[in-house]
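Colleague: when you get a sec, could you give me coordinates for this:
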Amino acid sequence: MVSDYATLAAGIAIAGGLIGTGMAQSGIGAAGMGIYAEKPEKFGNVLFFFVIPETLWIIGFVLGIILLKGILG
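Modeller: Take a look at the predicted model:
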């Protein structure tokens, strides 16, 4: 049985990862579009830097699942 605190912790972990991803991508996306507008050949670099923050929500999701399954506790 999962405790109420583990459920709350899982929700905070997932929400924190999603909020962090959104905040990171907002700045990177705006700067990336500026770079792409001036130098279209830099699209690959811009795309790479735009994808890096996606790892934040993946880590938050995995941590949330671990907390809900009770693997660490």
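Colleague: any stretches of this protein with poor pLDDT?
Modeller: Per-residue confidence for the chain (pLDDT under 70) gives these ranges: 1-2, 71-73.
Colleague: longest helix anywhere in it?
Modeller: The helix of greatest length in the chain, counted in residues with DSSP state H as the criterion, is given as helix 4-38.
Colleague: got the buried residues for that helix?
Modeller: Ala6, Ala10, Ala13, Ile14, Gly16, Gly17, Thr21, Ala24, Gln25, Ile28, Gly32 (16 or more other C-beta atoms under 10 Å). All C-beta atoms are positioned from the backbone trio N, CA, C, and that covers glycine.
Colleague: what comes into contact with the next helix or strand after it?
Modeller: Moving toward the C-terminus from helix 4-38, the first helix or strand encountered (DSSP states H and E) is helix 43-51. If you take C-beta atoms under 8 Å, 6 or more residues apart in numbering as the criterion, helix 43-51 is touched by Gln25, Ile28, Gly29, Gly32, Met33, Ile35, Tyr36.
Colleague: please report how far the fifth one lies from Gly20.
Modeller: In this structure, Met33 lies at 21 Å from Gly20, with C-beta to C-beta, to the nearest Å as the measure.
Colleague: repeat that for the third one.
Modeller: Taken as C-beta to C-beta, the spacing of Gly29 relative to Gly20 amounts to 14 Å.
Colleague: what comes up buried for the helix or strand Ile65 falls within?
Modeller: Counting by DSSP H and E, the element that carries Ile65 is helix 54-69. Neighbour-count burial for helix 54-69, counted by 16+ other C-beta under 10 Å, picks out Leu56, Trp57, Ile59, Gly60, Leu63, Gly64, Leu67, Leu68.
Colleague: elements contacting the longest helix of the chain?
Modeller: Using 3 or more C-beta pairs under 8 Å, 6 or more residues apart in numbering; DSSP states H and E as the contact definition, the elements that helix 4-38 packs against are helix 43-51, helix 54-69.
Colleague: returning to what we had before: make CSV out of the buried residues of helix 4-38 and add distance to Leu47.
Modeller: Putting the buried residues of helix 4-38 into CSV (distance: C-beta to C-beta, whole Å) gives the following:
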residue, distance to Leu47
Ala6, 37
Ala10, 31
Ala13, 27
Ile14, 25
Gly16, 25
Gly17, 21
Thr21, 16
Ala24, 15
Gln25, 12
Ile28, 10
Gly32, 8
